[in-house]
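Q: Compute the structure for the input listed below.
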Amino acid sequence: MSNTEAIAEKYAKFVMPTYAPKIALVKGKGTKVWDADGKVYLDFSAGISVVNVGHCNAVVTDAIQRQAEKLVHASNLYYTENQALLAEKIVSHFTPDAKCFFANSGAEANEGLIKLARLWGHDTGRYEVISMKQSFHGRTLATAAATGQEKIQKGFEPMPEGFVHAEYNNVESVKSCIGAKTVAILVEAVQGEGGVVVAEPEFMLGVKALCDEHNLLLLCDEVQCGLGRTGYWFGWQAYNVQPDAFSLAKSLGNGYPIGAVVAGPKLANVFQPGKHASTFGGTPLACAAALATLTVIENSSLTGRARMKGSELSDGLRKLVEKYEHATAVRGRGLMVGLVLDQDAKPLTERLMEEGLLCIPTAGNVVRFLPPLTVSDDEIGEALEILDDWLAEWHGGDGAEATPAIEEPAAQE
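A: Below you'll find the predicted structure:
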């Protein structure tokens, strides 16, 4: 029995089957990871846009180790310096009148956004949030209700009320959903789970105009597309808009769990003592990891690097689209890139994994590439070469054999 098989056997016996993993990873460095049997992979998933500054980044690792020797947890009943420093650093990239609330995950951060909006609108009887079809906001009941995908909600009905779903990139659809109970519009600048679909400028500007006209809050989910991933600190910065609040998580701690609600002046003081809380939100250790992560992004100019390397990756993928008929389009922004196929993406991503390249199928027919922002030219070239080789094999063989029927893709979040 291999090491991977031994680990898989224990998973089957003791771990709830909410995922369907194929390999067991034991080590990572930069853009590479190693499995339990010693095989090396190029990681173009980055833990689903989590390790933006690379696996086991030396600066982040050192910060975690040093803080773990001083103070790991104190609870939010007391001041801790790291939390204040982290909030200050995040706010410096937003607006000086903003404030932060810290949580543990993207779902918790989005729950915080929803609660914040409801509390703000409570006295006027407004609580309904408009979110987008094919969006993804989390797996809790409220964030699953906000998510515009029936497969995420199936089996958990009845879902919490207070959410309606409009067509993404369709301002008129959003407008038609506004009613007397509407309090906010929640949107992603790039829909990751929805197929790496980028918001059009006219859409974001139109949604902001609707918010201004109807006195609604504009909320942005930056869990996957934030912190340099799209080539900007926050995905919404690609547009001439500013949200009233947004969520962060995933890459904020470069793998150490931490989430944040970042609220502008309209909402900065809505939460008061007793209205919202989190035992583990913003611990000294989590904030040390996040501070180090943001410092690496700043000092290494990784936002600009994501734009440059993202263009290289996208250009390479477009050449493959021109070359192979089953690859039909490339879309995305920065180092959040999707290769659209004319059939299911999972067989391709499984074969790429066998060949040493990790990427993620999403929205059925899209291969999602989310490498660390530190990815090198050579690593991009190697990934494109692996993909080119297998697309050539796929197109040279029997399509029915190359893409066998599969079950519904397992949850990626």
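Q: What's the mean pLDDT across stretch 4-17?
A: The predicted model gives stretch 4-17 an average pLDDT of 97.
Q: Only the buried residues of it, if you could.
A: Neighbour-count burial for stretch 4-17 flags Thr4, Ile7, Ala8 (criterion: 16 or more other Cβ atoms under 10 Å). Quick note: C-beta positions are derived from backbone N, CA and C, even for glycine.
Q: Validate this expectation: the last one resides in a helix.
A: Pointing back at Ala8 there. Yes: according to DSSP: H, G, I helix; E, B strand; the rest coil, the state of Ala8 is that of a helix.
Q: mind checking how far it is from Val26?
A: As judged by Cβ to Cβ, to the nearest Å, Ala8 and Val26 stand 13 Å apart.
Q: Same check on Cys287?
A: Applying Cβ to Cβ, the value for Cys287 to Val26 is 27 Å.
Q: These two - which one has more neighbours?
A: Cys287 (28 against 14; other Cβ atoms under 10 Å).
Q: doesn't Phe102 make contact with that one?
A: Yes: with contacts counted by Cβ atoms under 8 Å, Cys287 reaches Phe102, the gap being 7.3 Å.
Q: domain ranges for the chain?
A: Following automatic domain parsing, one finds the domains of the chain at 3-56+301-398, 58-299.
Q: any idea which of the ones you listed is most buried?
A: Among the domains of the chain, domain 58-299 has the highest mean neighbour count (mean count of other Cβ atoms under 10 Å), at a mean of 20.
Q: Show the end-to-end separation of that one, please.
A: For domain 58-299, the first-to-last residue distance is 14 Å (Cα to Cα, to the nearest Å).
Q: so for that domain, what's the average pLDDT?
A: pLDDT averaged over domain 58-299 gives 98.
Q: for it, the distance to its chain's centre please.
A: Distance of domain 58-299 from its chain centroid, counting by Cα atoms, centre = their mean, to the nearest Å, is 11 Å.
Q: who touches Gly30 in this structure?
A: Gly54, His55, Cys56, Pro372, Thr374 (Cβ atoms under 8 Å, 6 or more residues apart in numbering).
Q: how about a cut-off of 10 Å?
A: 42-43, 51, 53-57, 372, 374-376, 379 (Cβ atoms under 10 Å, 6 or more residues apart in numbering).
Q: Among those, which are located in strands?
A: Leu42, Asp43 (DSSP state E).
Q: Turn the contacts of Gly30 into CSV, columns for distance to Gln242.
A: Converted to CSV, the contacts of Gly30 look like this (distance: Cβ to Cβ, whole Å):
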residue, distance to Gln242
Leu42, 37
Asp43, 33
Val51, 28
Val53, 26
Gly54, 30
His55, 33
Cys56, 35
Asn57, 30
Pro372, 28
Thr374, 29
Val375, 30
Ser376, 34
Glu379, 35
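Q: Return the subset of the contacts of Gly30 lying in helices.
A: Glu379 (DSSP state H).
Q: Nearest to Val241, out of the contacts of Gly30: which one, please.
A: The nearest member of these to Val241, counting by Cβ to Cβ, is Val53 at 27.0 Å.
Q: so that closest one makes contact with Thr374?
A: Yes: Val53 lies in contact with Thr374 (Cβ atoms under 10 Å); the separation is 6.0 Å.
Q: Now do the shared contacts for the two.
A: Here Val53 and Thr374 have Gly30, Ala46, Val296, Ile297, Ser300, Leu302 as joint contacts, going by Cβ under 10 Å, 6+ apart.
Q: give the contact list for the last one.
A: To tie it back to what came earlier, the one meant is Leu302. 52-54, 227-229, 231, 233, 293, 296, 309, 335, 372-374.
Q: Which parts of the stretch 101-250 of the chain are strands?
A: 128-132, 163-166, 182-187, 190-191, 197-198, 217-221, 245-248 (DSSP state E, counting those that start in this stretch).
Q: In a markdown table, list the shared contacts of Val53 and Thr374 along with distance to Thr279 and secondary structure.
A: As requested, these are exported to a markdown table (distance: Cβ to Cβ, whole Å; DSSP: H, G, I helix; E, B strand; the rest coil):
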| residue | distance to Thr279 | secondary structure |
| --- | --- | --- |
| Gly30 | 33 | strand |
| Ala46 | 28 | helix |
| Val296 | 28 | helix |
| Ile297 | 28 | helix |
| Ser300 | 33 | coil |
| Leu302 | 32 | helix |
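Q: what would those look like in a markdown table with distance to His326?
A: Output for the shared contacts of Val53 and Thr374, formatted as a markdown table (distance: Cβ to Cβ, whole Å):
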| residue | distance to His326 |
| --- | --- |
| Gly30 | 31 |
| Ala46 | 25 |
| Val296 | 38 |
| Ile297 | 36 |
| Ser300 | 36 |
| Leu302 | 33 |
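Q: nearest to Glu172, of these?
A: Using Cβ to Cβ, those come closest to Glu172 at Ala46, 35.9 Å.
Q: And the pLDDT for the closest one?
A: Predicted confidence (pLDDT) for Ala46: 98.
Q: Report the contact partners of it.
A: 28, 31, 33, 52-55, 229, 250-251, 254-255, 335, 358, 360, 369-375.
Q: And for Gly148?
A: 131-137, 163-168, 186, 191, 193-194.
Q: in the stretch 1-150 of the chain, which spans are helices?
A: All helices of the stretch 1-150 of the chain, identified by DSSP state H, counting those that start in this stretch, fall at 3-14, 46-49, 58-68, 81-91, 106-121, 141-146, 150-153.
Q: Run the angle between the fifth one and strand 128-132 for me.
A: Using axes from the mean of the first three to the mean of the last three Cα atoms, to 10 degrees, one finds that helix 106-121 and strand 128-132 are set 140 degrees apart in direction.
Q: Let the chain start at 234 from now.
A: Yes, from this point I'll number from 234; that puts the last item at helix 339-354.
Q: export helix 339-354 as PDB, just CAs?
A: Extracted in PDB, the C-alpha atoms of helix 339-354 (Å, rounded to 0.1, in the frame of the first residue of the first chain):
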ATOM      1  CA  GLY A 339     -14.800  33.800   3.700                       C
ATOM      2  CA  ALA A 340     -18.200  32.500   4.600                       C
ATOM      3  CA  GLU A 341     -18.000  34.200   8.000                       C
ATOM      4  CA  ALA A 342     -16.800  37.500   6.400                       C
ATOM      5  CA  ASN A 343     -19.800  37.400   4.000                       C
ATOM      6  CA  GLU A 344     -22.200  36.500   6.900                       C
ATOM      7  CA  GLY A 345     -20.700  39.700   8.500                       C
ATOM      8  CA  LEU A 346     -21.500  41.700   5.400                       C
ATOM      9  CA  ILE A 347     -25.100  40.400   5.400                       C
ATOM     10  CA  LYS A 348     -25.600  41.100   9.100                       C
ATOM     11  CA  LEU A 349     -24.100  44.600   8.700                       C
ATOM     12  CA  ALA A 350     -26.400  45.400   5.900                       C
ATOM     13  CA  ARG A 351     -29.500  44.100   7.800                       C
ATOM     14  CA  LEU A 352     -28.600  46.100  10.900                       C
ATOM     15  CA  TRP A 353     -28.100  49.200   8.800                       C
ATOM     16  CA  GLY A 354     -31.500  48.800   7.100                       C
END
